[in-house]
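**Student:** Could you look at this predicted model? Sequence included:
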Number of protein chains: 6
Amino acid sequence: MFTHTHALQYEAKPDGPDANYARRLQEVLGGQWGEMTVATQYLLQGWNCRLPGKYKDMLLAIGTEELAHVEILVTLIDRLLDHQPLKPDSADHSKESAAAYGQSNPQHAIVNGGGAYLRDSMGLPWSGGYVTASGNLMADFHYNATAEMQGRLQVSRLYNMTDDKGVKDTLRFLIARDHYHQMQWLAAIEELTSDGLDGIPVPAAFPMDEEPPEFAYTFLDASDGAEAANGRWANGPALDGTDNTLSAAPIAAHADAPVLPPGDPRLYGTPPVPMQGLLQKAKDALK
Amino acid sequence: MFTHTHALQYEAKPDGPDANYARRLQEVLGGQWGEMTVATQYLLQGWNCRLPGKYKDMLLAIGTEELAHVEILVTLIDRLLDHQPLKPDSADHSKESAAAYGQSNPQHAIVNGGGAYLRDSMGLPWSGGYVTASGNLMADFHYNATAEMQGRLQVSRLYNMTDDKGVKDTLRFLIARDHYHQMQWLAAIEELTSDGLDGIPVPAAFPMDEEPPEFAYTFLDASDGAEAANGRWANGPALDGTDNTLSAAPIAAHADAPVLPPGDPRLYGTPPVPMQGLLQKAKDALK
Amino acid sequence: MFTHTHALQYEAKPDGPDANYARRLQEVLGGQWGEMTVATQYLLQGWNCRLPGKYKDMLLAIGTEELAHVEILVTLIDRLLDHQPLKPDSADHSKESAAAYGQSNPQHAIVNGGGAYLRDSMGLPWSGGYVTASGNLMADFHYNATAEMQGRLQVSRLYNMTDDKGVKDTLRFLIARDHYHQMQWLAAIEELTSDGLDGIPVPAAFPMDEEPPEFAYTFLDASDGAEAANGRWANGPALDGTDNTLSAAPIAAHADAPVLPPGDPRLYGTPPVPMQGLLQKAKDALK
Amino acid sequence: MFTHTHALQYEAKPDGPDANYARRLQEVLGGQWGEMTVATQYLLQGWNCRLPGKYKDMLLAIGTEELAHVEILVTLIDRLLDHQPLKPDSADHSKESAAAYGQSNPQHAIVNGGGAYLRDSMGLPWSGGYVTASGNLMADFHYNATAEMQGRLQVSRLYNMTDDKGVKDTLRFLIARDHYHQMQWLAAIEELTSDGLDGIPVPAAFPMDEEPPEFAYTFLDASDGAEAANGRWANGPALDGTDNTLSAAPIAAHADAPVLPPGDPRLYGTPPVPMQGLLQKAKDALK
Amino acid sequence: MFTHTHALQYEAKPDGPDANYARRLQEVLGGQWGEMTVATQYLLQGWNCRLPGKYKDMLLAIGTEELAHVEILVTLIDRLLDHQPLKPDSADHSKESAAAYGQSNPQHAIVNGGGAYLRDSMGLPWSGGYVTASGNLMADFHYNATAEMQGRLQVSRLYNMTDDKGVKDTLRFLIARDHYHQMQWLAAIEELTSDGLDGIPVPAAFPMDEEPPEFAYTFLDASDGAEAANGRWANGPALDGTDNTLSAAPIAAHADAPVLPPGDPRLYGTPPVPMQGLLQKAKDALK
Amino acid sequence: MFTHTHALQYEAKPDGPDANYARRLQEVLGGQWGEMTVATQYLLQGWNCRLPGKYKDMLLAIGTEELAHVEILVTLIDRLLDHQPLKPDSADHSKESAAAYGQSNPQHAIVNGGGAYLRDSMGLPWSGGYVTASGNLMADFHYNATAEMQGRLQVSRLYNMTDDKGVKDTLRFLIARDHYHQMQWLAAIEELTSDGLDGIPVPAAFPMDEEPPEFAYTFLDASDGAEAANGRWANGPALDGTDNTLSAAPIAAHADAPVLPPGDPRLYGTPPVPMQGLLQKAKDALK
């Protein structure tokens, strides 16, 4: 259960309107790697977590914080949308140039009446499919670390696309939180490992003797790039705690070309069964 | 540029048909974490890579291998779809029980005529949005490691959902490759770090003195779980190479509740501007 | 900003597992009219609301409550997924019949490892496009009332699809809240009207003398159903506060069939310009 | 069954081309609240309607009229797309400024060759998911009223984004029809009520004594906005025809924090079962 | 502009209910190749057609007919949904077996209350993206012929999935219309050619001397299948009216491996620019 | 199984950067008719093909070639994205005008860091739903021919939207391949026919005496366009090898208006059953 306060976790006040930039900020609100994704993903992982205690508690804590970031971005975008030009010729009377008018999102005016929404910077709606909660914390924490990296990367890029000091101040806050959250997930991965809850390869509980070992330690090279095997991934000890060694080999085929049987004739595929057409053709040739 | 051989990288021959299981296998072919995703993601990251040499070469090598896995899964599903029952009463005459008929995917028959397609196990089409190539290898390699973890997790689960020995043999191959590929990406992350190309937090090149430090090292607790801060993520040295220490604090507001200005009256939002309705109401009250 | 407590707003404890029903409940969690929609929609309308005071405060209050309903449904589904059968033959050993196995969602096991996710009962991911915040409260409150009606309708139907007393207890709570929330939005529409903030037709601020009156009060009948005009919508006073009368008429054309000019020849549409093909044909005919 | 005439229900002739505006008009053709939605929604509700007579007849009549509006908008967009500039430097030679070029939709030229299509103003394809036909007319008529409100709102905004008199003339027609159609649905809601076919709360047939009354009449406040309960929704008689009174209360928890059982070990979630990792860790500590 | 009659173009009356089959029929109503696609596609091509006369008139005539097919399928599905079992145990008392219950679509009950909707047999909403109207009739008529082929194929398969005589009667009508419509589009392609409006390759108006001829007449073989070039496509005269000859050759590279320049450092890609990391690493090595 | 070479099938080197044009090229990379579609479609049709020999071999050969075209377009877009302006005012210092800035895709910078991705020119992700492999080669080869026509049409239009000679050189290559591939599919259709594998109507194996002949040879005219029947499609011999004649007739109804039974009362549709509301109303009237 949640409670809400109208006060913001951090200030979200641009120096002036900028409809072009408001559209760009949608990416980190409603895009694949935006705040909607991390908020709902951490909450869902927390609710689904079947191990009571620190991991579950931590997930619900951070998921709830991310809801505050959604709120911050919505507020920032709303303010940037003040005075969005409605026609090309209006653009001349504000700091938005013709270029910025061209970049602005018409739905911000037509659909939302000057407000943010749950879509990315190209207008694609946010999707529940962005959210992963696999039930395996090791796999999910790696995804969470990824999300904070892609997120901080995008905000850092956006930071270089504006001169508005108010906007930059808010972005600095978000960049710092993404900085911390990257460390948080990497620390949690360390802790999962030291708690013996999982390991590499994920899931560690799959019985390793079911795997054919010749495919578990070899980089298979299917391209002609000269340096593909000159990395740690094809040299040195395995990273799974066994005493195997990583190596490289060219890709090779281990099975013949497949031959599929004819399909069910009630599905009218090609060929018909029995091969009526070919038979008929043969018959016709005999005439 | 690519060339293709009809021979398979690994055998894909089930002992018998199983339309129920064919539908389930679609998840690791055309689902978010399936082979279509990793094949196209590694290729795209490789093509977009602006650093010539080992990383680019390795990406194109593995992306090309994953195309062979797409081919293996398509072949496996095609064979499992032989004799897909077309009506409920047909189900009695084969090993598929009524339960399995219920689970089967009607599009496998109606749309594909007994063949695989690029959708997941619930029929959602594979999306190019699953593919991320951010231009930052550190962020992307973490995503790649995640993809191999989620992928191996799903195949391991599918392994426990069938008794078909031919299917299990193919899955063992895929599980072993996912085992290797997890190590590959973790090794590549190590190598990126030791090559000095990036670090934590990603992107390391964003100037750290632009960040407010009070937000970069603190776990902010927004929930009442008792153990949320009892982890490595709120204790001990930072993981970013600085000498900061991680700590915890309750979440707090740092800005007042936002007050947005009235919108553009040409957008007909609420309130109208000037506050006609309220004014009118006041006037009416005076009558 | 939000804070979270682990305690639930209402109990979510089924008497036993039921993977079939877990799949069905996804509809009111992640479907178009599910709890994810109303939670994010009310919050977004609240954040975007440019009129400080009771409406904005109410929107943020109810949006926050709906987050607790998301949490309740996730918990309920998680528990219903205990012991989800992984193969058809396992189904015999639990209360799930073959029928229920057939209905179960394979992603609940393969993707989520026994947990809820943000998709509907047919596996379509929840979409940010379900959320509308138009900036016009009158239009949005009608949508909100609709959402509570469709939502209560769906939960009432689900109530008739199970005999599990624990599940039914939770659904009764949700049905009661949807009952209240329907009244809430209808009351808010009354209040918006009495506050003079908008009226019928929405938006009332569009100047009515810009409208051609012959199209503003007439039911146009384009079908041959005998009773189409036998309703209030074609008889009696207008509902917009004017003294116009509603009436009916058959649909009629008011403009000629459009003739479009030829397209830009650089776009290679049909016809080519000048009508080369026809010209050439004419020339050929002369030979 | 339908028949078609080439004559238009209303004129759709802009004074001149405007590719920027053509893109914007896509919103009310192929957007969530556009003409495609209302046309197919009313027809589907009509076909699915299990109550013969005036409601069914009226639904099919208006759905058929809306098809004519689709036709009008397609025609209007087609004409606005004449002379769409294909390169930036062409923009100078027409009334389209650089700003307008930037806003134009490249698919109008590349994909459609100068024609309209079934997408919104940001290029998202129209979705069958926009259409609701729940089988409950009371719920659906509220949705229909909403659709006409959101639709009229969007067209009214578009009206303020152009100076083209021909375009404005067509929009006036659409605004007037949306005006009438709002009244139509509100009248139909009145009529459904007076016919005793449903009531508030929808569906009225769900037995009210199954609902816990303490949750059916109370505004639960989960936020700290001071005025949230200062509205009709928390004061005065209920709107469901009972003699209950609406009131307000702070949100409260009614159930303990949920504890989920460990998952199926065959799904490789966290924790493993039995808690192997933790056990192993304990054993290791004893060495 | 359209008018509608309640009478159906053809009867749509199943002998009995069958919720399983109702779900399957959704494929040809709301799937990619269903009636919604052809109806809206032909109408859109007709409206957008810039060549007045027979082609435009024919497109609008057939698009209007297809709307009647949408109506027929909706009606058929509605009737098949009578008595849809709401729980597994109800299934025993009707002709629906457990298998059929498993296949049934829960949204038909929960969302639609026993009615059809605009989604395919796996629950994916119909998409406006299915509709193509390129402005080039030759390209579009080939697509239309395809649509009638895929459509007739699907209905023929569905015909083999039921024993209901009423259903089969309706399907025979649809199969016959798809038979005719295939011929219609192939005839229209002939006529476009004989009218000189376009030819092979489409668009014929692109100047052929801009094409490198060595790539315009050669089958390039990128796979090791022995018989790939043993077809008409690699032998005999070209099909474009020129006197070129088709031939085959192995695929070959015509350009060096691309080397991309480093990216903009403000985007924080890998590598950083200048190669700070590597430089720093070199410096550190010197210490 | 595939192998890859870094060398390109054809050069992909623009003369200069052009972010506007890079966005447009996304259409033929990741749009419905782009290279991703044809590559994966031909491969899937090849893998699923149940007839060994020339058709299967040819499909896999061309699918593999199309992967090289994906690579070429990605490379071309990457190079066009060099120096993408990050802010409006940067636009002045390069050849990109304000118009071009407005057209540029912000995700190219924010999400991809200056690289291509798998979306179309309006930012819609590529979908596995674009790919059809029906199991019937005749139907699929018509779709393949369509794809090459729509593809060549789009590239030809793009050719007229740029003056960059390097770009135009690459496009000429693609246009020539599409030229050849159109002939390839038309030749393959001829060959399928002469091999007797299928015919018109597709599927030819559906027993023609099951069709009502009065619907199989008649153009039904549902619109008032004067010339709709003045084409080959309504005159002359049938195109299906029979001796029937094509003709035309106005559309007519062949069944009464459908009357649906009341729905299941447990679904709370309108009307309630028994007609409680109406009964109650009658009772009230008696009071």
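**Tutor:** Done, it's in.
**Student:** measure stretch A:152-170 end to end?
**Tutor:** One end of stretch A:152-170 to the other measures 13 Å (CA to CA, to the nearest Å).
**Student:** Let me see the contact set for the residue in the stretch 51-200 of chain A positioned nearest to chain D.
**Tutor:** Each residue of the stretch 51-200 of chain A has a distance to chain D, by CB to the nearest CB, and the smallest belongs to A:Gly102, at 1.7 Å. In this view, the C-beta of every residue, glycine as well, is placed from N, C-alpha and C. Residues counted as contacts of A:Gly102 (CB atoms under 8 Å, 6 or more residues apart in numbering or on different chains) are D:Ala98, D:Ala99, D:Ala100, D:Tyr101, D:Gly102, D:Gln103, F:Ala98, F:Ala99, F:Tyr101, F:Gly102, F:Gln103.
**Student:** Could you say which helix or strand holds it?
**Tutor:** Following DSSP states H and E, one finds A:Gly102 within helix A:98-103.
**Student:** Show me what the next helix or strand after that helix is packed against.
**Tutor:** Scanning the chain past helix A:98-103 towards its C-terminal end, the next helix or strand to appear is helix A:106-110 (assignment: DSSP H and E). Counting contacts by 3 or more CB pairs under 8 Å, 6 or more residues apart in numbering or on different chains; DSSP states H and E, helix A:106-110 is packed against helix A:19-30, helix D:19-30, helix D:137-159.
**Student:** near chain A, anything from the longest one?
**Tutor:** In this case it means helix D:137-159. Yes. For helix D:137-159 and chain A, the contact criterion (CB under 8 Å from any CB of the partner chain) is met by D:Leu153, D:Gln154, D:Arg157, D:Leu158.
**Student:** Please indicate which of these are buried?
**Tutor:** When neighbours are counted using 16 or more other CB atoms under 10 Å in any protein chain shown, the residues of helix D:137-159 next to chain A contain these buried positions: D:Leu153, D:Gln154, D:Arg157, D:Leu158.
**Student:** Would you mind checking which of those residues is nearest to D:Leu44?
**Tutor:** When these are compared for distance to D:Leu44 (CB to CB), D:Gln154 wins out at 21.7 Å.
**Student:** Domains in chain A, by residue range?
**Tutor:** As recorded under automatic domain parsing, the domains making up chain A are A:19-194, A:208-250.
**Student:** Output these as JSON lines; include the columns mean pLDDT.
**Tutor:** Formatted as JSON lines, the entries for the domains of chain A read as follows, by pLDDT from 0 to 100:
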{"stretch": "domain A:19-194", "mean pLDDT": "94"}
{"stretch": "domain A:208-250", "mean pLDDT": "96"}
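**Student:** Please identify the most buried of those.
**Tutor:** The highest average neighbour count among these, using mean count of other CB atoms under 10 Å in any protein chain shown, belongs to domain A:19-194 at a mean of 24.
**Student:** residues in the stretch 1-150 of chain A within reach of chain D, list them.
**Tutor:** Contacts of the stretch 1-150 of chain A with chain D, taken as CB under 8 Å from any CB, map to A:1-6, A:48-52, A:55, A:86-89, A:91, A:98-99, A:101-107, A:109-111, A:113, A:119, A:122-125, A:134-138.
**Student:** How about the residues of the stretch 101-250 of chain A by chain F?
**Tutor:** That would be A:101-103, A:120-124, A:153-154, A:157-158, A:160-163, A:222-225, which are the residues of the stretch 101-250 of chain A within reach of chain F (CB under 8 Å from any CB).
**Student:** and A:His108, how far is that from chain E?
**Tutor:** In this structure, A:His108 and chain E are 22 Å apart, going by CB to the nearest CB, to the nearest Å.
**Student:** Tell me which of the domains of chain A lies nearest to B:Ala257.
**Tutor:** Of all those, it is domain A:19-194 that lies closest to B:Ala257, at 9.7 Å by CB to CB.
**Student:** Strands of the stretch 1-150 of chain A, start to end?
**Tutor:** Along the stretch 1-150 of chain A, the segments classed as strands by DSSP state E, counting those that start in this stretch run A:2-4.
**Student:** List just the one of the domains of chain A that sits closest to E:Leu192.
**Tutor:** Minimum separation from E:Leu192 across those (CB to CB) falls at domain A:19-194, 35.9 Å.
**Student:** and that closest one, how far apart are its ends?
**Tutor:** Terminal residues of domain A:19-194 are spaced 49 Å apart (CA to CA).
**Student:** So stretch A:58-71, near chain C or not?
**Tutor:** Yes. Shown here: stretch A:58-71 in contact with chain C (CB under 8 Å from any CB) through A:Leu60, A:Ala61, A:Gly63, A:Thr64, A:Leu67, A:Ala68, A:Glu71.
**Student:** Contact partners for the fifth one?
**Tutor:** So the one you mean is A:Leu67. Listed by CB under 8 Å, 6+ apart, the contact set of A:Leu67 reads A:Phe2, A:Ala39, C:Met1, C:Phe2, C:Leu67.
**Student:** where does the second one sit relative to chain D, distance-wise?
**Tutor:** Read it as A:Ala39. 17 Å.
**Student:** returning to that earlier point: for the residues of stretch A:58-71 next to chain C, could you give me CSV that also reports distance to D:Thr242?
**Tutor:** Compiled in CSV, the residues of stretch A:58-71 next to chain C are given as follows (distance: CB to CB, whole Å):
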residue, distance to D:Thr242
A:Leu60, 38
A:Ala61, 42
A:Gly63, 39
A:Thr64, 37
A:Leu67, 36
A:Ala68, 39
A:Glu71, 37
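**Student:** can you name the two of those that are farthest apart?
**Tutor:** Pairwise distances among the residues of stretch A:58-71 next to chain C were taken by CB to CB; the largest, 17.5 Å, belongs to A:Leu60 and A:Glu71.
**Student:** quick one: contacts for the residue lying closest to A:Gly53 once chain neighbours are set aside?
**Tutor:** Sequence neighbours aside, B:Glu227 is the residue nearest to A:Gly53 in space, at 5.1 Å (criterion: CB to CB, 6 or more residues apart in numbering or on different chains). With contact set as CB under 8 Å, 6+ apart, B:Glu227 has these partners: A:Gly53, A:Lys54, A:Asp57, A:Met58.
**Student:** now, which of these sits nearest E:Glu214?
**Tutor:** The closest of the contacts of B:Glu227, once distances to E:Glu214 are taken by CB to CB, is A:Met58, at 62.9 Å.
**Student:** Skipping its backbone neighbours, what lies nearest the closest one in space?
**Tutor:** Distances taken as CB to CB, 6+ apart put B:Ala228 closest to A:Met58, at 4.7 Å, once the chain neighbours are dropped.
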